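A.B. asks: Sequence and predicted structure below; questions after.
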Amino acid sequence: MTAVFDFNDRVTLTGTLTKIDWRNPHTYMTVEVKGADGGMETWMIEGPPPSFFRIRDLGKADFEGTIGKTVKVELSRARDKSRSGLIRMLTLPTGKVVSACPQNC
Amino acid sequence: MKNFDRIAIVFAAASLCLAQSPAPVAGQELSADAKSKAAAEARAKRNAQAFENRATVIAFYDRSGKRVGSVGERALYDETILSPDRKRVAVVKEDLANESADLWVMDAATGATTRLTTSARTEFVMGPVWSPDGSRLAYVTILAGQEGIYVRAANGQGTAELLYKNPGAFLNLSDWSSDGRFLSFAKSDLSGGTLFTLPLVGGGERKPVEIFHSDLRMFGPRFSPDGRFLSYIVLDKANRGEVFVRPVDAAGGGPWQISDGSFSMAFWRRDGKELYYLARDQSVMVAEVSTSPSFSFTKPKVLFRQPSAVPDRMAYVSADGERFLALPPPRGPQLQQITIFDREGKVVKKVGEPGRYSQPSFSPDAARLLVMKGDLQTGQQDLWTIDIATGQSVRITDSTLPKVNPTWSPDGKHILYVSMRDGDWPVYRRAADGTGGEELLFRYTPGAGVGLTDISRDGKLLVCESGGVILAVPLTESDPLARKAIETLREEFDDSLGRLSPDGKFMAFRSDEAQPERFEVYVRPLDASTGMVGDAKWQASKDGVNGMLHWRGDGQEIFFRGMDLNTNELHVMSVEVSTTPTFRAGTPKLLFKLPGPQGGNLGNISRDGQRFVFAVNVPAANGER
């Protein structure tokens, strides 16, 4: 992971969850975020495997139900500076905070 | 490396004849709350078993290798660090229920403990180091997702102070300099390792100072008593550890390789005249050293060696070089006796003498066994075949590189295995008669772990797994690097142990679909030409599966290892099945039980389903090595 993501380059995003890919070995979320210039930016965010969330009582349906809603994500940005990153902390619309650390930190 | 070292849907509808078509997954009838409760109960039982199997005490040895005492309640000790005056032990203890580990200070004489940290779930403490005066402990922990080095009083009073916020993770804190002015730590990943010191004095933000970077992984930097040198461990590409010493100041010469094979970081004696480490055979080694005017050392010699073939795990050396802290094997020293059982669980034959054996599997003709054997002297693990009738063994591999998933080719002429190379896990094969070299069969995505779980009867398709995904790998391309994996089964559930039916038309596998962290056996149709599974799905087990998934050679029976979460027993389970015209499964039944803890693997059942081989734990006597 350290080859792709820079743990020293952290970004916190608040935006709309628009898509999920809920399969092993990693989950992916697409979040639409309002950029500094007012335009919309599309961020691709990698997360832990589905089992990580399942044992925390968060299933695929919970995330499908979040599509279209606002989430807050703290991530380690990709080294290539693309709009992608690895989840460190995720705050769901319910207020539930999921830490992907230490695995993803 | 810490201290000295470092698992239809015809749930067989009750009977074969009722199990005609795919049915819903068992467990879907349960409410979400009931599932959650069941999962929690199962987790608690697994934790209780894990504790029983792994918990140990702390033992002390003197310089002559004599065990002079033990202290502490049975616990899961991750790290154990003696205070400078060796009157206390800083211990990191695991809390399985909370998935965490915390720092405690234990009185070395009485075992009385004081708790220093209370971690949130999934967070943990690691790398405690004592201040030179023994009044404080620095350690690494994660608070709210942020890793950092903290310090607090060793008596548990006051609050913890953040010394350094680590932007990454898995900082390997390993020492506090004698003058109290620096901490030392290492950071290692697939790109290599870096040694750092962290100045503790002066104002402003504390910034680590990089001492040395290597493309090899490094661990455990420890200061010489005068603070001028660092000892540290380098892991080479073959995963071999060596102790090195280099000056903190790059202009000071070196580095010097001290060891010829090391299993631990090094420990300086308080006067700077001796350096200790653990050799690969677990002998405690000592080198006479001097740091003035420059660094010099003598060839290391054995200080002492435990007589048992399964020695206590040495964990720390006191600053005066007089006490050696060790963690005894949880269930006493044990070796393994290769033992063959019949379907009733009666012993048919014991093969050879007890040794450090694991993963025994039958050759296709059931005349030979493939085993992983650990050398009692060096600890090196290699693959061997053993002729069951004569006991004659043939060495297949000879390397320190980790090797897993040993598998017979369908014709019995080759041995396949996965071996770590430079962070990758390629699949190799070698001739089963021990001749010739190693042949690369498949290399997966760089950096991704891969396991080998089966090969088709025609030898043309490998079945592998990686990160909960089952992969099919056609061996049609002549260039092994051109061979591509097909994602046979990739879903939100953890799928593993893909096993092909003898006719190649079905795949049995293990999945936690019904309940997180609880696995059952499922079967799906497979199109071998595409490597993809069909939509139909049958469940062939009901009370949980631990592994050992195996088809009988005629495809009429599936075996698996069942679970008993209330005891440590291994349950050998069987379910009658049929694959024509479609898959049908009967009711799983218990064949026999073995006392636990006991391993089981993918090849340990003969093709005719009549023989079962296990590496059975037996007590190891002193002097067996």
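C.D. replies: Arrived safely. These numbers were taken from a predicted model, which means no experiment stands behind them.
A.B. asks: show me what contacts the residue of chain A found nearest chain B?
C.D. replies: Nearest residue of chain A to chain B, counting by Cβ to the nearest Cβ: A:P25, 2.7 Å away. Glycine gets a C-beta too; all of them are placed from N, C-alpha and C. Neighbour list for A:P25: A:49, B:448, B:466-469 [criterion: Cβ atoms under 8 Å, 6 or more residues apart in numbering or on different chains].
A.B. asks: Counting neighbours, what do you get for B:D260?
C.D. replies: Look at B:D260: counted by other Cβ atoms under 10 Å in any protein chain shown, it has 13 neighbours.
A.B. asks: again but with B:Q598, I slipped
C.D. replies: Neighbours of B:Q598 (other Cβ under 10 Å): 16.
A.B. asks: How about B:E491?
C.D. replies: Per other Cβ under 10 Å, the neighbour tally for B:E491 reads 17.
A.B. asks: what sits against it?
C.D. replies: Taking Cβ under 8 Å, 6+ apart as the contact definition, B:E491 lies against A:23-24.
A.B. asks: got a pLDDT number for it?
C.D. replies: In this model, B:E491 is scored at 95, pLDDT.
A.B. asks: any idea of the pLDDT on the closest residue to chain A within the stretch 501-625 of chain B?
C.D. replies: Shortest the stretch 501-625 of chain B-to-chain A distance, computed as Cβ to the nearest Cβ: residue-wise this is B:P516, at 4.2 Å. Here the pLDDT value assigned to B:P516 is 84.
A.B. asks: With adjacent residues omitted, what lies nearest to it?
C.D. replies: When the adjacent residues along the chain are set aside, B:P516 lies closest to A:R54, with 4.2 Å between them (Cβ to Cβ, 6 or more residues apart in numbering or on different chains).
A.B. asks: what are the phi and psi angles of the one you found?
C.D. replies: phi -60, psi -40 (degrees, to the nearest 10).
A.B. asks: Look at it and say how many residues are nearby.
C.D. replies: A:R54 has 20 neighbours, counted by other Cβ under 10 Å.
A.B. asks: I figured it hits B:R518, correct?
C.D. replies: No - look at A:R54 against B:R518 with Cβ atoms under 8 Å: they stay out of range, at 11.1 Å.
A.B. asks: Between these two, which contacts overlap?
C.D. replies: Counting by Cβ under 8 Å, 6+ apart, the residues touching both A:R54 and B:R518 are B:D512.
A.B. asks: Would you mind listing what in chain A touches chain B?
C.D. replies: By Cβ under 8 Å from any Cβ of the partner chain, the residues of chain A that approach chain B are A:2-3, A:7-8, A:10, A:22-26, A:49-51, A:54-55, A:57, A:60, A:74, A:88-89, A:99-102, A:105.
A.B. asks: Weed out the non-buried ones from those.
C.D. replies: Taking 16 or more other Cβ atoms under 10 Å in any protein chain shown as the criterion, what is buried in the residues of chain A next to chain B is A:2, A:7, A:22-26, A:49-51, A:54-55, A:60, A:74, A:88-89, A:99-102, A:105.
A.B. asks: Now, these that are in strands?
C.D. replies: Those of those mapping onto strands are A:7, A:22, A:74, A:88-89, A:99, per DSSP state E.
A.B. asks: Rebuild these as JSON lines, extending it with pLDDT.
C.D. replies: Listed next are those as JSON lines, based on pLDDT from 0 to 100:
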{"residue": "A:F7", "pLDDT": "80"}
{"residue": "A:W22", "pLDDT": "96"}
{"residue": "A:E74", "pLDDT": "93"}
{"residue": "A:R88", "pLDDT": "89"}
{"residue": "A:M89", "pLDDT": "90"}
{"residue": "A:S99", "pLDDT": "83"}
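A.B. asks: Switch the residues you listed over to a markdown table; also include distance to B:P311.
C.D. replies: Output for those, formatted as a markdown table (distance: Cβ to Cβ, whole Å):
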| residue | distance to B:P311 |
| --- | --- |
| A:F7 | 38 |
| A:W22 | 47 |
| A:E74 | 45 |
| A:R88 | 41 |
| A:M89 | 43 |
| A:S99 | 39 |
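A.B. asks: Quick check: the farthest pair among those?
C.D. replies: The largest separation in these, counting by Cβ to Cβ, is between A:F7 and A:W22 at 24.5 Å.
A.B. asks: Tell me which residue in the stretch 251-400 of chain B sits closest to chain A.
C.D. replies: Closest residue of the stretch 251-400 of chain B to chain A, Cβ to the nearest Cβ: B:M265 (21.7 Å).
A.B. asks: and chain B, which of its residues are near chain A?
C.D. replies: Listed as neighbours of chain A in chain B under the rule Cβ under 8 Å from any Cβ: B:36, B:39, B:122-124, B:142, B:144-147, B:167-170, B:189-191, B:447-448, B:466-469, B:490-495, B:512, B:516-517.
A.B. asks: Only whichever of the residues you listed are buried, select them in PyMOL.
C.D. replies: Buried residues within these, by 16+ other Cβ under 10 Å, are selected in PyMOL with:
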select buried, chain B and resi 39+122+123+124+142+145+146+147+169+170+189+466+467+468+469+490+491+492+493+494+495+512+516+517
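A.B. asks: For B:L103, pull up the helix or strand it's in.
C.D. replies: Secondary structure assigned from DSSP states H and E places B:L103 in strand B:100-107.
A.B. asks: Touching that strand from outside, list them.
C.D. replies: Contacts with strand B:100-107, where a contact means Cβ under 8 Å, 6+ apart, come from B:58, B:71-72, B:78, B:87-95, B:112-126, B:128, B:137, B:139, B:141, B:154-156.
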